[in-house]
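>>> Need the 3D shape of this:
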Amino acid sequence: MEFSGKLFIFLLLPLLQISTCDAYANPIYHACSKNFTSDNLIQDSINKTLSSLLAKTSLDSFGISSFGDGFFTIFGLSQCRGNLTVDQCAPCITKATEEIRTLCPNSAETRIWYDHCFLHYGTTKFFGEPDTSFTRVFSSGLIAADPIKFNYELMDLVYRMNAMTVGIDEKFSMYATHVSKNLSIFATAQCTRDLEELACRQCLDKLSEIFSGSCKYHLDCYVLSSSCVLRYAVSEFLNLPVSLSPLVFAAGFLAAGINSNLTGGHGFLPRSKADVMLNQLPEKSGSPENRELTAGHLSTWPVIGGLNHFVLVKFISGGLTAG
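Purely as a prediction, here's the structure:
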């Protein structure tokens, strides 16, 4: 099949609730194009690119690579979900490099998505370019009981989450917010790490438009593209704490490379970014007691759902206090 700029929408609720054990058992979606016949040069470039991606991504959860000359060059990228360790990442990338050969045996352009990872290779150099020409939407058929309020909270969350995502090197963030006493929204955004801040923002902005349309009022939605993904659900799908009761972290966003309008809600930041934000907090951001409390707990905060390199923070304006 040839890729196109069309938007495809699937009403598949079970797909949005992938368990950890099935995270790379089967791909969420795959696509193949640019078929070639028995061309040993193209196949050799594909094999070498896949081998290189497997080696790089197994070490750093991300990799880009290319092999071949001229028309026979293959460019590839692979990446795991940003909250995973390399040990969790490696099996998914291994599965992807194996399965794509079976699913797209004679294709020079392929994409394959799993819950834990993504792989893409083709004959065009796409590194650093936001690509939303190939997009898939998976949404549940369930509609919010109070759709107006739900959609308002969702789009506010997406705005905050996107701003957080583009401002950090990992190009990945998680976010959660309460809609009501018994209803919370959990969400995640991720760009491929080859994208600069502007390119990542452009990609997420495009998917946000889809959220505001195709996902409107739905309780769960997952939007995939070649350069970024957005996902939300009312059930926790990343092994995150449902209670949402961390120490509060505030201020210093602009200095830390995070939009200063990010107040309200809860986010999940890499510990390295949280360290930077804490060190750059102005004195007026909180009392010495609260500042010391936060600093003392940052390095010893408990592992959050296995996210040993992320911390849960609550964004407020004007102060630091215990959540």
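>>> Which residue ranges of the stretch 101-250 of the chain form helices?
Ranges of helices within the stretch 101-250 of the chain are 147-166, 197-213, based on DSSP state H, counting those that start in this stretch.
>>> So which of the ones you listed is nearest residue 121?
helix 197-213 (18.7 Å; Cβ to Cβ). Yep, even glycine has a C-beta here, placed from its N, CA and C like the rest.
>>> Output the contacting helices and strands for that closest one.
Contact analysis of helix 197-213 by 3 or more Cβ pairs under 8 Å, 6 or more residues apart in numbering; DSSP states H and E lists strand 135-139, helix 147-166, strand 183-191, strand 221-224, strand 228-233 as its packing neighbours.
>>> helices and strands around the second one, which ones?
Packing contacts for helix 147-166, counted by 3+ Cβ pairs under 8 Å, 6+ apart, involve strand 172-180, strand 183-191, helix 197-213, strand 228-233, strand 266-270.
>>> how does it look with 10 Å?
The helices and strands touching helix 147-166, judged by 3 or more Cβ pairs under 10 Å, 6 or more residues apart in numbering; DSSP states H and E, are strand 172-180, strand 183-191, helix 197-213, strand 228-233, strand 266-270, strand 310-316.
>>> Turn the ones you listed into a markdown table, including mean pLDDT, distance to residue 117 and mean neighbour count.
Supplementary listing: the helices and strands packed on helix 147-166 in a markdown table, determined by pLDDT from 0 to 100; distance: least, Cβ to Cβ, whole Å; neighbours: other Cβ atoms under 10 Å:
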| stretch | mean pLDDT | distance to residue 117 | mean neighbour count |
| --- | --- | --- | --- |
| strand 172-180 | 83 | 13 | 21 |
| strand 183-191 | 90 | 11 | 23 |
| helix 197-213 | 93 | 18 | 19 |
| strand 228-233 | 94 | 11 | 25 |
| strand 266-270 | 51 | 19 | 24 |
| strand 310-316 | 46 | 18 | 23 |
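>>> of these, which approaches residue 66 most closely?
When those are ranked by distance to residue 66, counting by Cβ to Cβ, first place goes to helix 197-213 at 18.8 Å.
>>> With only the CA atoms kept, save that closest one in CSV.
The C-alpha atoms that make up helix 197-213 are tabulated as CSV, following Å, rounded to 0.1, in the frame of the first residue of the first chain:
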residue,chain,number,x,y,z
GLU,A,197,11.9,22.0,19.7
LEU,A,198,10.0,23.8,16.9
ALA,A,199,9.7,20.7,14.8
CYS,A,200,8.4,18.7,17.8
ARG,A,201,5.9,21.5,18.6
GLN,A,202,4.6,21.5,15.0
CYS,A,203,4.1,17.8,15.1
LEU,A,204,2.3,17.8,18.4
ASP,A,205,0.2,20.8,17.3
LYS,A,206,-1.0,18.9,14.3
LEU,A,207,-2.0,15.9,16.4
SER,A,208,-3.7,18.2,18.9
GLU,A,209,-5.9,19.4,16.1
ILE,A,210,-6.9,15.7,15.6
PHE,A,211,-7.5,15.4,19.3
SER,A,212,-9.9,18.3,19.3
GLY,A,213,-11.8,16.8,16.4
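>>> i'd like the first residue to be 3 from this point on
Right, with 3 as the first residue, what we last looked at is helix 199-215.
>>> got the angle between it and strand 230-235?
Here the directions of helix 199-215 and strand 230-235 differ by 40 degrees (axes from the mean of the first three to the mean of the last three Cα atoms, to 10 degrees).
>>> related to what we said a few turns ago, got the helices of the stretch 103-252 of the chain as JSON lines, with distance to residue 237 columns?
Supplementary listing: the helices of the stretch 103-252 of the chain in JSON lines, determined by distance: least, Cβ to Cβ, whole Å:
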{"stretch": "helix 149-168", "distance to residue 237": "14"}
{"stretch": "helix 199-215", "distance to residue 237": "18"}
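>>> and of these, who's closest to residue 80?
Using Cβ to Cβ as the criterion, the shortest distance between residue 80 and these is 17.2 Å, found for helix 199-215.
>>> before we move on, the earlier item: can I get the helices and strands packed on helix 199-215 in a markdown table including distance to residue 205?
As requested, the helices and strands packed on helix 199-215 are arranged in a markdown table below (distance: least, Cβ to Cβ, whole Å):
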| stretch | distance to residue 205 |
| --- | --- |
| strand 137-141 | 10 |
| helix 149-168 | 9 |
| strand 185-193 | 6 |
| strand 223-226 | 11 |
| strand 230-235 | 4 |
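>>> mind checking which of the ones you listed is nearest residue 101?
With respect to residue 101, and counting by Cβ to Cβ, the nearest of the helices and strands packed on helix 199-215 is strand 223-226 at 16.6 Å.
>>> Packing partners of that closest one?
Other elements packing on strand 223-226 under the criterion 3+ Cβ pairs under 10 Å, 6+ apart are strand 9-13, strand 109-115, strand 137-141, strand 185-193, helix 199-215, strand 230-235.
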